[in-house]
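Colleague: just the structure for this:
(one chain, ligands or ions: 2)
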Amino acid sequence: MPTRRRVITTGLTAVAGVSALAAAARLADRFGLIPPDHGGIYGVGETLTYAAQRLLTMHHPLAREFSHSQVSAVAPVNGEPPDNEVYQRLLSDRFAAWRLTIDGLVARPSSWSLAELRQLPSRSQITHQACEEGWSFIAEWTGVQLAYLLSAAGVSTRARFVVFYPFDFENNFWDSLDMADAWHPQTLIAYGMNGVKLPTRHGAPARLTVPRQLGYKSVKYLARISVVDDITRVGNGLGSASPDYGYSWYAGI
Ligand SMILES: Nc1nc2c(c(=O)[nH]1)N[C@H]1C(S)=C(S)[C@@H](COP(=O)(O)O)O[C@H]1N2
Ligand SMILES: [Mo]
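Modeller: Ligands and ions are numbered 1, 2, ... in the order given. This next block holds a predicted model:
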């Protein structure tokens with residue numbers, strides 16, 4: 001991915017020239033399209049990738065969806081189930097005591113049990129999940145749209161990002177989405193995969209799925225969702241654990 005990004009940025013520079021780069025950076029600033037890790041390793045390249053992707057996807061905003069016959073026979077795993085006591089206890093009880101918390105800049109901080117989530121309007125979508133390591137698979141995900149949960153909680157107009165905390169947060173894994181991706185109809189809190197309940201290693205009891213971005217944005221083993229205005233005060237301040245490992249906060253594909 002870093003290689004591809006460098007190619008894109010270099011390509012943009014070659015085609016557009018330096019003055020156009022400056023114009024694009026001004027445009028990004030004007031529309032607030034500055035990623036939280038803009039000061040990181042990739043600098044202006046990150047800002048341009050994010051801004052360019054947002055402008056390009058304005059007119060074809062949905063990730064491609066596939067048919068049942070295209071579902072992959074094998075779905076690899078990246079990120080084993082958390083081995084901490086809290087998660088293992090919930091797992092041993094088949095998540096009967098699990099609740100997904102929604103807090104932060106919402107009118108009604110709330111929490112949902114798995115049974116409650118299953119009673120909400122559901123959506124199933126067959127999408128492609130691509131890992132930054134180079135492998136991918138197509139699977140059907142079933143769950144509730146994050147937008148539904150956000151509406152139910154009543155999101156403040158000050159909201160800028162939605163933060164996702166998994167049970168392996170202590171191993172430094174977490175991420176966030178901007179509001180455009182948070183409200184996106186294909187952004188799901190999935191509790192089902194390929195017609196069965198979400199397998200443990202794929203993120204039980206519930207995971208995020210964000211098919212417009214690389215796999216690492218799709219946080220598994222969810223514990224808590226928090227709506228914030230200032231992402232710089234969360235964790236490393238870069239919007240995601242991924243910049244700690246050299247990957248960008250924005251992973252649009
Ligand atoms: N909580 C948590 N979520 C995670 C990870 C992880 O290590 N922990 N790995 C991510 C990465 S890098 C990818 S590619 C996908 C893989 O999802 P899968 O295991 O269902 O294929 O989950 C993402 N979500
Ligand atoms: Mo990944």
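Colleague: can you give me the strands in the stretch 151-253 of the chain?
Modeller: 161-166, 175-178, 188-193, 196-197, 207-209, 222-228 (DSSP state E, counting those that start in this stretch).
Colleague: contact partners of the second one?
Modeller: By C-beta atoms under 8 Å, 6 or more residues apart in numbering, the residues outside strand 175-178 that reach it are 36, 160-164, 187, 208, 210, 216-217, 219, 228, 231, 234, 239-242, 249. Backbone N, C-alpha and C define where each C-beta goes, glycine included.
Colleague: who in the protein is up against ligand 2?
Modeller: Counting by C-beta under 5 Å from the ion, the chain comes close to ligand 2 at 78, 131, 132, 215, 216.
Colleague: what about residue 88, neighbour count?
Modeller: A count of nearby residues for residue 88, using other C-beta atoms under 10 Å, gives 13.
Colleague: name the SS class of it, please.
Modeller: helix (DSSP: H, G, I helix; E, B strand; the rest coil).
Colleague: got a list of what it touches?
Modeller: Per C-beta under 8 Å, 6+ apart, neighbours of residue 88: residue 82.
Colleague: same check on residue 204?
Modeller: So residue 204 contacts 81, 91, 95, 197, 198, 221 (C-beta under 8 Å, 6+ apart).
Colleague: again, only this time at 7 Å
Modeller: 95, 198 (C-beta atoms under 7 Å, 6 or more residues apart in numbering).
Colleague: from ligand 2, how far out is it?
Modeller: 18 Å (C-beta to the ion, to the nearest Å).
Colleague: re earlier: export the strands of the stretch 151-253 of the chain to JSON lines and append columns for mean pLDDT and distance to residue 122.
Modeller: Converted to JSON lines, these look like this (pLDDT from 0 to 100; distance: least, C-beta to C-beta, whole Å):
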{"stretch": "strand 161-166", "mean pLDDT": "98", "distance to residue 122": "20"}
{"stretch": "strand 175-178", "mean pLDDT": "97", "distance to residue 122": "20"}
{"stretch": "strand 188-193", "mean pLDDT": "98", "distance to residue 122": "8"}
{"stretch": "strand 196-197", "mean pLDDT": "98", "distance to residue 122": "13"}
{"stretch": "strand 207-209", "mean pLDDT": "98", "distance to residue 122": "13"}
{"stretch": "strand 222-228", "mean pLDDT": "98", "distance to residue 122": "16"}
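Colleague: wait, which of those strands is closest to ligand 1?
Modeller: Nearest to ligand 1, of all these, is strand 161-166, at 3.3 Å by C-beta to the nearest ligand atom.
Colleague: using CSV, list the CA coordinates for the closest one.
Modeller: Below are the C-alpha coordinates for strand 161-166, written out as CSV (Å, rounded to 0.1, in the frame of the first residue of the first chain):
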residue,chain,number,x,y,z
PHE,A,161,-15.5,11.2,13.8
VAL,A,162,-16.8,7.9,15.1
VAL,A,163,-14.3,5.8,17.1
PHE,A,164,-14.4,2.0,17.3
TYR,A,165,-12.9,0.2,20.3
PRO,A,166,-12.5,-3.6,20.1
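Colleague: please work out the residue of the stretch 1-150 of the chain nearest to ligand 2 and name it.
Modeller: The stretch 1-150 of the chain approaches ligand 2 most closely through residue 131 (3.3 Å), counting by C-beta to the ion.
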